[in-house]
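Participant: Sequence and computational prediction follow.
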Amino acid sequence: MTLALRQTGALARRSVTGTLRTPQALVPALFFPLVLMAIFTASFGNAPGNIPGFPPVRGFLDFALAGAIVQGILIGGTSAGAAFALDIEGGFFDRLVASPVSRMAILFGRLGGGVTLAMAQTVLFVTVGVVFGARVEGGVAGVLILLLLAALMAVAVSGLGIILALRTGSAEAVQGTFPLFFVLLFFSSAFFPRETMTGWFRVVADVNPISYLVEAMRDLVIVGIDPRPTLIGLGVVLALATASVAACWWAFRRRLAATA
Amino acid sequence: MAEAYAVQAEGLERQFKGGIRAVDGVDLAVARGEVYGFLGPNGAGKSTTVRMLATLLRPTGGRALVAGYDVVKDAPAVRRAIGVALQDAAIDPYMTGRELLHLQAVLHGFARKLGRERAVELLERVGLTDAADRRVGTYSGGMRRRLDLALALVHEPEVMFLDEPTTGLDPISRLTLWDEVRRLNRESGTTVFLTTQYLEEADQLAGRVGIIDGGRIVAEGTPAELKAQVGEPTLQVALARAEDEEAATAALRPLGEPLPARAGTLALRLPGGAAALPGAVRALDEAGVEVAGLDLALPTLDDVFVAKTGRSLEAEGAEEQPAPAPSPA
């Protein structure tokens, strides 16, 4: 068992190293969310207090931070999936499968790498936010809860990316689903409050689980520690992460059975 | 199960969706310490067989034992006993050679320090010490294959599977890799099971060769045995004067059966091979024939392939010459 843990750790470290050394994976995950956050903050700086339904907030940056974090995790999840698919395409996966490495370690190594990167990214985004004047009302405890939410979301999203990789075996196919993640993000309250939405858009945002996750994170920033949204967000993301890991394991067994 | 065998298969079969039988009843008995070469054209079933023996693909029929363990029922035990270097060296371009060897050592349960030592040792062994801390993306094709070999050696496997180890390599890199494989077999007694589409590779490297075509083994034996099966050496004589043809033919008749040849040359089977050569030269000399050139051609493994399948492996290979080594990323 300890060997399986060491193997998982070694493979997680490899996947982190791989991402850090692949600028084309690293840059979008950092660049897009931060740029979008900057643009929104500049464009809607006056929105709080002037748009009816906009929650009371110190500034738009405080409001936008959670959206950027979630966006970064979505991009990171696609990268994790694509990297796993590259392992399958390139044969690294075969090499692992033909060695006595624990099957769990093969899967959880990549998942663990995705989670580690997501947490580092979240810390970075919060730091950037704070440097540019945002304030996390939840304090240190708030940041820790935020990290927990980010980690669980990374499990769910990286898991989804890995499922796609296992089913298609093609990095291109995994990358191709990237716009879908973005649609999911835009049809949520990631960038604007649900209170200002109307019609069917509001209905979609209401059923989109990402809304609840973003709102849980956002509340920790703009309100402070408030059990209700936190628990709802935690419940949603825990359910997503569990389902994702279960489906991941299923897809993994299926792939092994189809080949081995 | 006889422990003397490193690889044993009976009626091994793999049928893919759509009914294609990539491997169609292969029997193998590779002794411990042997270098066994699986020779065949693209699509003959070589890689599929290796994937089954390496527990990567489940056979749809028959059974196979590797290092004494069943590849289906005892897959984990097989994995501990084998080293695998598959086609298209599967190596992370963004990791360094040393990092990959460390990782492989940890995955095999080496303690950190021991893993480091093993990495140093293996880098030295495959001649990559100077490139150890460069990213693999900057390696040449030959360096990648050598690293791949080193990775497969980390846990000192009993049986090594090499799937087309030199496809796409330049001649010098190929020779270096051959030396490495020979040394591995000689010094550690590792059984080597390699696939190749190169006649010369099978001839040079393998103690015993199995020729596979259409998912079946069509011939098996040592290269010498196989060649002896298909025919005798042929002697070609280029004449200095075309008008000597009749005299030369008469002089050589007692030595072997004449074969059709271009004008101005003679060809005949020479069952005696090189030993019969002085006799042939003397006979020509005595007949007063002036010789411009002599060539003794020995049967090749390709002649064996032609005899068994009606096709030439060399001709097929020519169409699909290996791509040049991947340029550094």
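Facilitator: Arrived safely. Please read all numbers here as calculations on a predicted model, not as lab measurements.
Participant: only C-alpha atoms for contact and neighbour calcs from this point on.
Facilitator: Fine.
Participant: Might you enumerate the residues of the stretch 51-200 of chain A proximal to chain B?
Facilitator: A:90-92, A:94-95, A:97-101 (CA under 8 Å from any CA of the partner chain).
Participant: Among these, which pair sits farthest apart?
Facilitator: Largest separation among those by CA to CA: A:Gly90 and A:Pro100, giving 19.2 Å.
Participant: now the strands: where do they sit in the stretch 151-260 of chain A?
Facilitator: Remark: no strands are assigned in the stretch 151-260 of chain A by DSSP state E, counting those that start in this stretch.
Participant: ok, residue 163 - how many residues close by?
Facilitator: All of this refers to chain A. 24 (other CA atoms under 10 Å in any protein chain shown).
Participant: should've been chain B
Facilitator: With other CA under 10 Å as criterion, B:Asp163 counts 23.
Participant: can I assume it is in contact with B:Gly83?
Facilitator: No. Contact criterion CA atoms under 8 Å: B:Asp163 and B:Gly83 do not qualify, at 11.2 Å.
Participant: need the contact list for residue 190.
Facilitator: You didn't say which chain, so I picked chain A. Applying CA atoms under 8 Å, 6 or more residues apart in numbering or on different chains, one finds that A:Ala190 lies in contact with A:64, A:66-68, A:70, A:210-211, A:214-215.
Participant: wait, chain B
Facilitator: Going by CA under 8 Å, 6+ apart, B:Thr190 touches B:32-34, B:157-160, B:184.
Participant: one more time with 7 Å
Facilitator: Listed by CA atoms under 7 Å, 6 or more residues apart in numbering or on different chains, the contact partners of B:Thr190 are B:33, B:158-160, B:184.
Participant: List only buried entries from those residues.
Facilitator: Among these, those scoring as buried are B:33, B:158-160, B:184 (criterion: 16 or more other CA atoms under 10 Å in any protein chain shown).
Participant: same for the longest helix seen in chain B, what does it pack against?
Facilitator: The single longest helix within chain B, with elements called by DSSP state H, is helix B:171-188. Helices and strands touching helix B:171-188, by 3 or more CA pairs under 7 Å, 6 or more residues apart in numbering or on different chains; DSSP states H and E: there are none.
Participant: List the buried residues of the lowest-mean-pLDDT helix or strand in chain A.
Facilitator: Here the helix or strand of chain A ranked lowest by mean pLDDT, DSSP states H and E is helix A:47-50, holding a mean of 78. By neighbour count on 16+ other CA under 10 Å, the buried set for helix A:47-50 is A:Pro48.
Participant: Dump the buried ones among the contacts of B:Thr190 into CSV; add pLDDT, distance to B:Lys73 and secondary structure as well.
Facilitator: Supplementary listing: those in CSV, determined by pLDDT from 0 to 100; distance: CA to CA, whole Å; DSSP: H, G, I helix; E, B strand; the rest coil:
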residue, pLDDT, distance to B:Lys73, secondary structure
B:Gly33, 93, 24, coil
B:Glu158, 94, 19, coil
B:Val159, 96, 18, strand
B:Met160, 95, 20, strand
B:Leu184, 91, 29, helix
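Participant: you'd agree B:Ala292 is up against B:Asp244?
Facilitator: No. Using CA atoms under 7 Å, B:Ala292 is not in contact with B:Asp244; the gap is 11.6 Å.
Participant: Same drill for these two, tell me which one is more crowded.
Facilitator: A count of neighbours by other CA under 10 Å puts B:Asp244 above the other of B:Ala292 and B:Asp244, at 18 against 12.
Participant: Next secondary structure element downstream of the helix or strand hosting B:Val120?
Facilitator: Following DSSP states H and E, one finds B:Val120 within helix B:112-125. With elements assigned by DSSP H and E, the helix or strand that comes after helix B:112-125 is helix B:141-153.
Participant: what's the helix holding B:Val120 packed up against?
Facilitator: helix B:97-107.
Participant: The helix it packs on near chain A anywhere?
Facilitator: Yes. Contact of helix B:97-107 with chain A (CA under 7 Å from any CA of the partner chain) involves B:103, B:106-107.
Participant: contacts for the very next helix or strand once past the longest helix of chain B?
Facilitator: The C-terminal neighbour of helix B:171-188 among helices and strands, as given by DSSP H and E, is strand B:191-196. Outside strand B:191-196, the residues that touch it by CA under 7 Å, 6+ apart are B:6, B:32-40, B:46, B:158-164, B:185, B:202.
Participant: Strand B:191-196 pairs with which strands, and in what direction?
Facilitator: When pairs are called by DSSP bridges, strand B:191-196 turns out to pair with strand B:35-39 (parallel), strand B:159-163 (parallel).
Participant: what are the ranges of the helices in the stretch 51-200 of chain A?
Facilitator: A:60-90, A:92-97, A:103-131, A:139-168, A:171-176, A:178-186, A:199-207 (DSSP state H, counting those that start in this stretch).
Participant: what about the last one, average pLDDT?
Facilitator: For helix A:199-207, mean pLDDT is 90.
Participant: Taking helix A:178-186 as reference, get the angle to that helix.
Facilitator: Angle, helix A:199-207 to helix A:178-186, by axes from the mean of the first three to the mean of the last three CA atoms, to 10 degrees: 100 degrees.
Participant: show me where pLDDT drops low in the stretch 1-150 of chain A?
Facilitator: Applying pLDDT under 70 to the stretch 1-150 of chain A flags the ranges A:1.
Participant: Can you get me a residue count around residue 119?
Facilitator: Here I'm looking at chain A. Quick note: A:Met119 (other CA under 10 Å) scores 21 neighbours.
Participant: my bad, the chain I had in mind was chain B
Facilitator: 26.
Participant: Surely it touches B:Leu103?
Facilitator: No. With contact defined as CA under 7 Å, B:Ala119 does not reach B:Leu103; the gap is 9.6 Å.
Participant: ok, of the residues of helix B:97-107 next to chain A, which one's closest to A:Arg58?
Facilitator: Of the residues of helix B:97-107 next to chain A, the one sitting nearest to A:Arg58 (CA to CA) turns out to be B:Leu103, at 48.2 Å.
Participant: name the element the nearest residue in space to that closest one that is not next to it in sequence belongs to?
Facilitator: Excluding the flanking residues, the one nearest B:Leu103 by CA to CA, 6 or more residues apart in numbering or on different chains is A:Ala10, at 6.5 Å. Per DSSP H and E, A:Ala10 falls inside helix A:2-20.
Participant: relative orientation of that helix and helix A:60-90 in degrees?
Facilitator: 110 degrees.
Participant: Just give me how far whichever helix or strand comes after helix A:2-20 sits from the chain centre.
Facilitator: Next along the chain after helix A:2-20, taking DSSP H and E as the criterion, comes helix A:23-43. Per CA atoms, centre = their mean, to the nearest Å, the displacement of helix A:23-43 from the mean C-alpha position of its chain is 14 Å.
Participant: cool, and stretch B:26-36?
Facilitator: Worked out by CA atoms, centre = their mean, stretch B:26-36 lies 13 Å from the chain centre.
Participant: What is the burial count for the residue of chain B found nearest chain A?
Facilitator: Across chain B, the shortest distance to chain A (CA to the nearest CA) belongs to B:Leu57, at 3.9 Å. Residues lying near B:Leu57 (other CA under 10 Å) number 21.
Participant: quick one: it is in a helix?
Facilitator: No. According to DSSP: H, G, I helix; E, B strand; the rest coil, B:Leu57 belongs to no helix; its state is coil.
Participant: about what we covered before: identify whichever of the helices of the stretch 51-200 of chain A lies nearest to A:Pro23.
Facilitator: helix A:60-90 (11.3 Å).
Participant: tell me what the closest one is packed against?
Facilitator: Using 3+ CA pairs under 7 Å, 6+ apart, helix A:60-90 sits against helix A:23-43, helix A:103-131, helix A:139-168, helix A:171-176, helix A:209-222.
Participant: need these in CSV with distance to B:Gly19, can you?
Facilitator: Converted to CSV, these look like this (distance: least, CA to CA, whole Å):
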stretch, distance to B:Gly19
helix A:23-43, 40
helix A:103-131, 30
helix A:139-168, 22
helix A:171-176, 27
helix A:209-222, 44
